[in-house]
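Asks: only geometry, no sequence info:
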Ligand SMILES: Nc1ncnc2c1ncn2[C@@H]1O[C@H](COP(=O)(O)OP(=O)(O)OP(=O)(O)O)[C@@H](O)[C@H]1O
Ligand SMILES: [Mg+2]
């Protein structure tokens, strides 16, 4: 319809009437859109980073355990084991996948005065790892900052930087680890710290220690069994298809359960859902601000133009056309605000992506399950920008309907009066 | 073509009730140039609003080209005004952000007339009302008389059956007002458009072909003069 073009032109011209007010309202919307885009980027970046660190240092893309292990994992059970890890590894290898075994167990680390600053002990998680293959799947062995990894047959231990600092440990210090064997008997290991690692995953820096899997096999009397076989798959982040591929490969291997990253990442995903809800609430608040700001601006515009609107109605402009004109007017403010907001958001996202937000100082000494080391790196999310712009424009347009309704409820003669 | 029969209209304003029209009978033929005259408060605007389908009578009947106004849907009345009735207001009421050209073109744009035709008709009408060369000025850069000429052009551009003008010269000095009346009369003659205008100014009444005097909501005098 031709009249639409006319109404659109008129709406745009009308915007020039209240320059300051229009600019201020648009800037408020711009701020909202910009903040939303930046927050979305940060949260997505946080989620992505958290997933990468979890997969890259703890779970791999897919893990193979004995059935029921996962539910019991908190107590580090040694009665649910992959009895023949080599069969699993060989099967995966035959299909071109890297795989490495790990045995997780809990124990107590005991340190004594001299060379340590004082006597002490702490509960911790320990992992026996394959010194030759672990790096095919995990980033740990590439993160040794000081010293070296123990040789396969050596009574050596790798500990994280955070833990080392807490204990006052140095490379070469002797420690004792007490634990129980597979059958529940007490065992003692005298080890030497051969290296200190610093990974981007703060959870393992604080809580995990690593030693050769051969040593663990002997001391815990594992008879070749392990708790996990981890594998890594091509592609950026583990997906459902990866899991199904591994599951298909291992369909014939008895006594194993294949754990997808999705299952292992469940708790983290739940935390992210809370973050997502927080984003929704912020979105809602920003929406309310936009609605209030726009309806206020449009209310002033409508009241100032009461006679003009009366004139238009008198000469036969339909109410729907008046509404449309104001919808365009407010929508244009929303759109202008969105464009500026996208620019603002892009600058913020660029900073998040390229520089990151270092809030490590906030986390000092805070022990959380979040796997990120205090530098938040954003991601680009172009659809979000599009949605934000369309959403803000629509909300703005719709918000103008409230004040317009108010004026259209009056009779034409009432809006034209004061002619007398 | 416009008939009013026994038209009553009253307003309730708080506690007071104002009987603005008390039984008006009036027939206006196509092509007339008629003035509704009367003192302030006599009911001129009320009558023009009823004829212009902006309001409805409490009693009596108004019909335009044989169509009764009473009982029509609001939307139908809007369409009637859109196509067939032009308005000229006392305070010009142009859209300040539009140029003279755009203010006049508005009515045709809304009717969906092709751009080329709009251009031709608007330019020629603006020339006829004496605004050649001022097409692209906004109202703020036009004098009161020029603004009212734009308003007359805006009312005429869609070739309506009737143009209603409520005290069109009240905001103009007498010389400018006289020029505007000449213009309206020219347009009435050349286009055959019916003009109904209200006034309490003797000079304006003198221009009318027919003069109806309204007093306290009643027509007290109806006189045709040969032009
Ligand atoms: N909406 C209204 N509510 C209440 N009273 C009204 C309303 N409109 C008009 N009136 C009253 O009706 C009477 C007639 O008013 P109207 O405006 O028709 O007179 P008029 O002849 O146009 O006067 P003027 O020369 O001042 O424009 C007046 O007493 C006026 O106060
Ligand atoms: Mg009046």
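Replies: Happy to help now that I have it. Remember, predicted model here, so these are calculated numbers, not experimental data. Ligands and ions are numbered 1, 2, ... in the order given.
Asks: wait, does stretch A:326-346 contact chain B?
Replies: No. Stretch A:326-346 does not reach chain B (CB under 8 Å from any CB of the partner chain); its nearest approach is 11.1 Å. Every residue, glycine included, has its C-beta placed from N, CA and C.
Asks: Now that stretch: average pLDDT?
Replies: Mean pLDDT, stretch A:326-346: 93.
Asks: now that stretch: how far from the chain's centre is it?
Replies: Counting by CA atoms, centre = their mean, to the nearest Å, stretch A:326-346 is centred 28 Å from the centre of its parent chain.
Asks: do the same with stretch B:109-129
Replies: On CA atoms, centre = their mean, the centre of stretch B:109-129 falls 20 Å from that of its chain.
Asks: Please apply the same query to stretch A:20-39.
Replies: 25 Å.
Asks: Could you give me the buried positions within that stretch?
Replies: Buried residues in stretch A:20-39, counting neighbours by 16 or more other CB atoms under 10 Å in any protein chain shown, are found at A:21-23, A:25-39.
Asks: quick one: least confident helix or strand in chain A?
Replies: helix A:360-363 (a mean of 57; mean pLDDT, DSSP states H and E).
Asks: which SS state does the closest residue to residue B:68 other than its chain neighbours fall under?
Replies: Once flanking residues are discounted, residue B:68 sits nearest to residue B:61: 6.2 Å by CB to CB, 6 or more residues apart in numbering or on different chains. Of the three states, residue B:61 takes strand under DSSP: H, G, I helix; E, B strand; the rest coil.
Asks: what about the residue in the stretch 51-200 of chain A that ligand 2 sits nearest to, helix or strand, and which?
Replies: For the stretch 51-200 of chain A, the residue closest to ligand 2 is residue A:51, as judged by CB to the ion, at 74.3 Å. Taking DSSP states H and E as the definition, residue A:51 sits inside helix A:19-54.
Asks: Skip ahead from that helix and say which helix or strand is next.
Replies: That would be, after helix A:19-54 and using DSSP H and E, strand A:62-65.
Asks: so what strands line up beside that following strand?
Replies: strand A:228-232 (antiparallel), strand A:257-260 (antiparallel) (DSSP bridges).
Asks: Please identify which of those is closest to ligand 1.
Replies: strand A:257-260 (73.8 Å; CB to the nearest ligand atom).
Asks: Give me the contact list for that closest one.
Replies: Outside strand A:257-260, the residues that touch it by CB atoms under 8 Å, 6 or more residues apart in numbering or on different chains are A:59, A:62-70, A:238, A:240, A:242-243, A:246-247, A:250.
Asks: and the host helix or strand of residue A:175, which residues are buried?
Replies: For residue A:175, the enclosing helix or strand under DSSP H and E is strand A:174-180. Across strand A:174-180, burial judged by 16+ other CB under 10 Å covers A:175, A:177, A:179.
Asks: Against residue A:205, how distant is the first one?
Replies: Put plainly, it is residue A:175. 17 Å (CB to CB, to the nearest Å).
Asks: Including mean neighbour count and mean pLDDT, could the strands paired with strand A:62-65 go into CSV?
Replies: Converted to CSV, the strands paired with strand A:62-65 look like this (neighbours: other CB atoms under 10 Å in any protein chain shown; pLDDT from 0 to 100):
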stretch, mean neighbour count, mean pLDDT
strand A:228-232, 25, 93
strand A:257-260, 20, 90
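Asks: Of all those, which one is nearest residue B:25?
Replies: Closest approach to residue B:25 among these is made by strand A:257-260 (89.4 Å; CB to CB).
Asks: one step back: the strand holding residue A:175 - contacts with which helices or strands?
Replies: strand A:98-111, strand A:186-197 (3 or more CB pairs under 8 Å, 6 or more residues apart in numbering or on different chains; DSSP states H and E).
Asks: What is the last one packed up against?
Replies: Right, strand A:186-197. strand A:144-147, strand A:156-160, helix A:161-167, strand A:174-180, strand A:208-212, helix A:213-219.
Asks: How far away from the center of its chain is the last one?
Replies: The chain centroid and the centroid of helix A:213-219 are separated by 36 Å, computed with CA atoms, centre = their mean.
Asks: For that helix, which outside residues touch it?
Replies: Here helix A:213-219 makes contact (CB under 8 Å, 6+ apart) with A:101-103, A:105, A:126, A:128-131, A:152-155, A:179, A:181, A:187, A:189, A:222-224, A:226.
Asks: Now list the buried members of those.
Replies: Counted by 16+ other CB under 10 Å, the contacts of helix A:213-219 give A:101-103, A:105, A:126, A:128-131, A:154-155, A:179, A:189, A:222, A:226 as buried.
Asks: Name the helix or strand for the closest residue to residue A:325 other than its chain neighbours, please.
Replies: Once flanking residues are discounted, residue A:325 sits nearest to residue A:7: 4.7 Å by CB to CB, 6+ apart. Element membership for residue A:7 (DSSP H and E) is helix A:2-15.
Asks: got the angle between that helix and helix A:19-54?
Replies: Relative orientation of helix A:2-15 versus helix A:19-54 (axes from the mean of the first three to the mean of the last three CA atoms, to 10 degrees): 100 degrees.
Asks: count of neighbours near the residue nearest to residue A:325?
Replies: Counted with other CB atoms under 10 Å in any protein chain shown, residues neighbouring residue A:7 total 24.
Asks: list the contacts for it?
Replies: A:321, A:324, A:325, A:328.
Asks: now do residue B:208
Replies: Neighbouring residues of residue B:208 by CB under 8 Å, 6+ apart: B:33, B:34, B:35, B:197, B:225.
Asks: how distant is stretch A:279-286 from the center of its chain?
Replies: 18 Å.
Asks: May I see the buried residues of that stretch?
Replies: For stretch A:279-286, the neighbour count (16+ other CB under 10 Å) marks A:279, A:283, A:286 as buried.
Asks: Check stretch B:54-62 too.
Replies: B:54, B:55, B:56, B:57, B:60, B:62.
Asks: likewise stretch A:189-204?
Replies: Residues of stretch A:189-204 classed as buried: A:189, A:191, A:193-204 (neighbour count, 16+ other CB under 10 Å).
Asks: Can you tell me the element whichever residue of the stretch 201-350 of chain A sits closest to ligand 1 falls in?
Replies: Proximity to ligand 1, evaluated over the stretch 201-350 of chain A using CB to the nearest ligand atom, is greatest for residue A:310 at 12.6 Å. Element membership for residue A:310, per DSSP H and E: helix A:306-314.
Asks: same thing with residue A:413?
Replies: Residue A:413 belongs to helix A:412-416, assigned by DSSP H and E.
Asks: Quick one: distance of that helix to the chain centre.
Replies: 57 Å.
Asks: Return the list of helices and strands in contact with the helix or strand residue A:350 falls within.
Replies: Assigned by DSSP H and E, residue A:350 belongs to helix A:319-354. Identification of packing neighbours for helix A:319-354 by 3+ CB pairs under 8 Å, 6+ apart yields helix A:2-15, helix A:19-54, helix A:266-304, helix A:306-314, helix A:382-399, helix A:401-408.
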